[in-house]
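> Test case, fold it:
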Amino acid sequence: MQRREFFGLAGWSLAALAVGCARPPDLGKKLLITLDPQTGATRNTQEVSLPKGNRTPCASARHGFLLAKGQSVLAVSFSGQSCLCNGPDNALWVRADLLVTAEKTSSDLFRVSGQRFPDGRILWQKDLGYGHLLGFDSQAVYVSHPKGISCFELESGTERWVNGELSELQSWLVTPSSLVVGLGNAGRVSWLNLTDGKVQRTLTTTTTPNRVILLAGDDEYTFTLTRRIAMATFRPNQSTPLWIQPITGQDHQAQLLGYADRIALVELHESTVAVDIATGGTLWSDSLATHLSICRDVVLLRRGRGTGGGKMSLELEARQLRSGKSLWKRELEDLHTATASSVDQFFLLTEPV
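Predicted coordinates for the structure are as follows:
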């Protein structure tokens, strides 16, 4: 079992007792800054001690930051508590006190674990063929692997169901009632019942075989982007799209950058594009920002900027989600600043000035 570490003075004392002669982690100071979404004003600043080194943000989490570096994931809550998971390279922060981590233990093995935050205690583990963390709801986490798709209870890891019919997933989405997956290179999308994993519905987005690489939406609208073909939205029990918008071949590697309030933020034409998934209309577009956070009706875009002499700084810009109106900007020297959001605040994790 991999050793998990958690930090702070009390945290290190307990970890040291558990592993005997383990060396203390090399810690550095970071600033955790809380911002008002509408104005960018600083609401609070606190100093936290974290393992040194720059880390790449994982998928956004409503409970804090998830930062990856090699075979480790660092979770930092908005209150400043932290937990370092050595081994995993991906994680979902499913509850304030619970993480689900994914770890590639060999070329064909995939270990999924449930562990407490912030003490890192392992609650359960599952060794599967290599796969992906698909998403979660309040009761369960959904995982793909070579034998299909499984649903595991968050607290115990008990497998509720497995669907062995579906494989080669390219995209996925958890809605209040369904797990929606894009399958293989056939342009197919299937909806699975969250209770028993049975397929409720399947449709084909295109007659030209190609994979569906983006999914977003809810129980009323499902937004798809099919590689090299088109963007479209489908309603329940309809096989034809509500709307369809062709895309050029150069956008076949598009990313879903964020989603909220039936607005998908998509990388298209080397830009960040806001698409109203109910109408297909482009609400606004801006220069590409592959890392962003959304708080209510405000999106915080993060971009690197050249400052001369080969140096790079960071520009943060807040825009209204629907209109694209610029609300405020902030320049930082630390290119490796991470951003995240809770229900009503933005957070920055950055180097001290």
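> all contacts plus neighbour counts: C-alpha atoms, from now on.
Noted.
> Do a quick rundown of the helices in the stretch 1-150 of the chain.
9-19 (DSSP state H, counting those that start in this stretch).
> residue contacts, Glu155?
114, 123 (C-alpha atoms under 8 Å, 6 or more residues apart in numbering).
> Using the three-state scheme, assign it.
coil (DSSP: H, G, I helix; E, B strand; the rest coil).
> so what pLDDT did it get?
For Glu155, the model assigns a pLDDT of 94.
> how far away is it from Val100?
10 Å (C-alpha to C-alpha, to the nearest Å).
> Ok, Phe65 next?
14 Å.
> again, but for Val162
On the measure of C-alpha to C-alpha, Val162 and Val100 end up 18 Å apart.
> Give me the more crowded residue out of these two.
Val100 (26 against 19; other C-alpha atoms under 10 Å).
> where's that one relative to Pro352, distance?
Val100 is 30 Å from Pro352, by C-alpha to C-alpha.
> helix/strand/coil for the closest residue to Val273 other than its chain neighbours?
In space, and not counting its chain neighbours, Val273 is closest to Ser285: 4.3 Å by C-alpha to C-alpha, 6 or more residues apart in numbering. Here Ser285 is recorded as strand under three-state DSSP.
> Can you name the residues that contact Ser285?
So Ser285 contacts 271-274, 324 (C-alpha under 8 Å, 6+ apart).
> Show me the residues you listed that map onto helices.
The helices, defined by DSSP state H, take in nothing from the contacts of Ser285.
> Redo those as CSV? Include pLDDT, distance to Thr205 and neighbour count.
Formatted as CSV, the contacts of Ser285 follow (pLDDT from 0 to 100; distance: C-alpha to C-alpha, whole Å; neighbours: other C-alpha atoms under 10 Å):
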residue, pLDDT, distance to Thr205, neighbour count
Ser271, 92, 24, 16
Thr272, 95, 24, 21
Val273, 96, 21, 24
Ala274, 97, 21, 26
Gly324, 97, 29, 17
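> Could you tell me which of the residues you listed belong to strands?
With strands taken from DSSP state E, the overlap with the contacts of Ser285 comprises 271-274.
> Closest one to Asn86 out of the residues you listed, please.
Checking those against Asn86 with C-alpha to C-alpha, the nearest one is Thr272 at 33.4 Å.
> Need the nearest residue in space to the closest one, chain neighbours excluded.
Using C-alpha to C-alpha, 6+ apart, the nearest residue to Thr272 is Leu288, at 4.7 Å.
> Can you check the pLDDT for the one you found?
Reported pLDDT for Leu288: 92.
> and the gap between it and Arg227?
19 Å.
> Neighbour count for the two, which is higher?
Neighbours per residue (other C-alpha under 10 Å) separate Leu288 from Arg227, with Arg227 holding more: 23 against 17.
> quick one: that one and Ile213 touch, right?
Yes - at 6.3 Å, Arg227 counts as touching Ile213 under the criterion of C-alpha atoms under 8 Å.
> quick one on the thing from earlier: give me the distance between the residue nearest to Val273 and Leu268.
For Ser285, the distance to Leu268 - C-alpha to C-alpha - is 9 Å.
> Can you name the helix or strand that the closest residue to Tyr142 other than its chain neighbours falls in?
Among residues not flanking Tyr142 along the chain, Cys151 sits closest, at 4.7 Å (C-alpha to C-alpha, 6+ apart). Assigned by DSSP states H and E, Cys151 belongs to strand 148-153.
> Adjacent strands (with direction) for that strand?
strand 140-145 (antiparallel), strand 159-163 (antiparallel) (DSSP bridges).
> So what touches that strand?
139-144, 158-167, 197.
> What separation do you get for Thr105 and Ala318?
With C-alpha to C-alpha as the criterion, Thr105 and Ala318 are 40 Å apart.
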